[in-house]
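Q: A predicted structure for the sequence below; I have some questions about it.
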Amino acid sequence: MNKLLVVGTVAFDAIETPFGKTDKILGGAATYIALSASHFNINTAIVSVVGGDFPEEHLTLLKNKNVDISGLEIVKEGKTFFWKGKYHNDLNMRDTLDTQLNVLEKFQPVVPKAYTDSDIVMLGNLHPAVQLSVLEQMTQKPKMIVLDTMNFWMEHAWDLLLEVIKKVDVITINDEEARQLTGEYSLVKASQKIASMGPKYIVIKKGEHGALLFHDNQIFSAPALPLEEVFDPTGAGDTFAGGFVGFIAQSGNISFENLKSALIYGSALASFCVEKFGTERMETIDRNSLANRLQQFQELTHYNILVK
């Protein structure tokens, strides 16, 4: 069975949207990625850190989803990373109300020995220095390294971020971040500039408008499923990434055609994530509901053109 190593935050979130608000609930990039990847027949491990305030029930959830948490450091006297945010009527817009790094501030990642030869490495959103440290611990070159990053690191750790980008095969960022990274408004030109930095494949996420995959001169567009109800977009991008890398890790096939399918799986899983607050919906997806959702994606994009 192929191995997937996921690096990222395991956190508490407090979320407010036009549809309600939560107290502290389970969140974090690594959490969403791992829960999404758990739908594939692979071995998944996370590398992250939490404090002594992190509930046992959350650890049990991850273990029950067959996620290896031996790389999840627990700092007994510390507090878990916390993020508080508020979304507006346009759910693409949010305000960060509070960020408490806590144990994340001095985090030194340790990759479990059993995963230093992972087939796929997913570098979730974290300081580029942490991401580099993980790559240095790998005993053999992964078949694919995927990076997710954000504008914060472009503003605060530019040189280190470029060093990470040089070493990865795939980068996933949103359209605004692609423009910031490259200074190009056109996403086609932005993808070309990013490719010159190192990555072979560029995935540009466009929220409710789907995602784009670029490789050489090839472009693939994956739609987002129009949903009746969207409660909370938190973690949707990470859930997308988890489905994307989970599919690739299971298939072991790193080709443009296969990455197109991975994009659809990622989009399908992300469409579940937004239906409830936090990880709630991700905890209850079964095989049938995923198969039905994938069928909806197929119907959304399949058509015949009659040429007269």
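A: Arrived safely, thanks for sending.
Q: Now the residue nearest in space to the middle of the chain: which helix or strand?
A: Taking Cα atoms, centre = their mean, the centroid of the chain lies closest to Asp238, which sits 2.5 Å from it. If you go by DSSP states H and E, Asp238 is part of helix 236-251.
Q: CA atoms only: put that helix into CSV for me.
A: Taking C-alpha atoms only, helix 236-251 is exported to CSV below (Å, rounded to 0.1, in the frame of the first residue of the first chain):
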residue,chain,number,x,y,z
ALA,A,236,-12.5,23.3,1.7
GLY,A,237,-9.1,24.0,0.1
ASP,A,238,-7.3,21.5,2.4
THR,A,239,-10.1,18.9,1.8
PHE,A,240,-9.6,19.4,-1.9
ALA,A,241,-5.8,18.9,-1.5
GLY,A,242,-6.4,15.7,0.5
GLY,A,243,-8.7,14.2,-2.1
PHE,A,244,-6.2,15.2,-4.8
VAL,A,245,-3.2,13.6,-3.2
GLY,A,246,-5.1,10.6,-1.8
PHE,A,247,-6.3,9.7,-5.3
ILE,A,248,-2.7,10.0,-6.7
ALA,A,249,-1.2,8.0,-3.8
GLN,A,250,-3.7,5.2,-4.3
SER,A,251,-3.3,5.0,-8.1
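Q: following it, which helix or strand shows up next?
A: helix 256-273.
Q: between that next one and helix 236-251, how big is the angle?
A: Interaxial angle, helix 256-273 versus helix 236-251 (axes from the mean of the first three to the mean of the last three Cα atoms, to 10 degrees): 140 degrees.
Q: Who are the packing partners of helix 256-273?
A: Packing partners of helix 256-273 (3 or more Cβ pairs under 8 Å, 6 or more residues apart in numbering; DSSP states H and E): helix 29-37, strand 201-205, strand 211-215, strand 218-222, helix 236-251, helix 287-301. C-betas here are computed from N, CA, C, even on glycine.
Q: Packed most tightly, which of these would that be?
A: Of all the helices and strands packed on helix 256-273, helix 29-37 has the most neighbours on average by mean count of other Cβ atoms under 10 Å, namely a mean of 30.
Q: For this protein, just list every one of the helices.
A: Secondary structure of the chain by DSSP state H: the helices cover 29-37, 56-64, 128-136, 151-156, 158-167, 175-182, 187-197, 236-251, 256-273, 287-301.
Q: Please convert the ones you listed to CSV, extending it with distance to Tyr115 and mean pLDDT.
A: As requested, the helices of the chain are exported to CSV (distance: least, Cβ to Cβ, whole Å; pLDDT from 0 to 100):
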stretch, distance to Tyr115, mean pLDDT
helix 29-37, 13, 97
helix 56-64, 15, 97
helix 128-136, 10, 96
helix 151-156, 24, 90
helix 158-167, 18, 96
helix 175-182, 28, 95
helix 187-197, 27, 97
helix 236-251, 12, 96
helix 256-273, 21, 95
helix 287-301, 25, 90
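Q: Without its sequence neighbours, what residue ends up closest to the residue nearest to the centre of the chain?
A: Tyr32 (3.6 Å; Cβ to Cβ, 6 or more residues apart in numbering).
Q: and if you look at Ile285?
A: Phe272 (5.4 Å).
Q: quick one, what contacts that neighbour?
A: The contact partners of Phe272, taken as Cβ atoms under 8 Å, 6 or more residues apart in numbering, are 239, 281-282, 285, 289-290, 293.
Q: one more time with 10 Å
A: 36, 225, 227, 236, 239, 243, 281-282, 284-285, 289-290, 293 (Cβ atoms under 10 Å, 6 or more residues apart in numbering).
Q: so which pair among those residues is furthest apart in space?
A: Pairwise distances across these (Cβ to Cβ) peak at 17.8 Å, for the pair Leu225 and Thr284.
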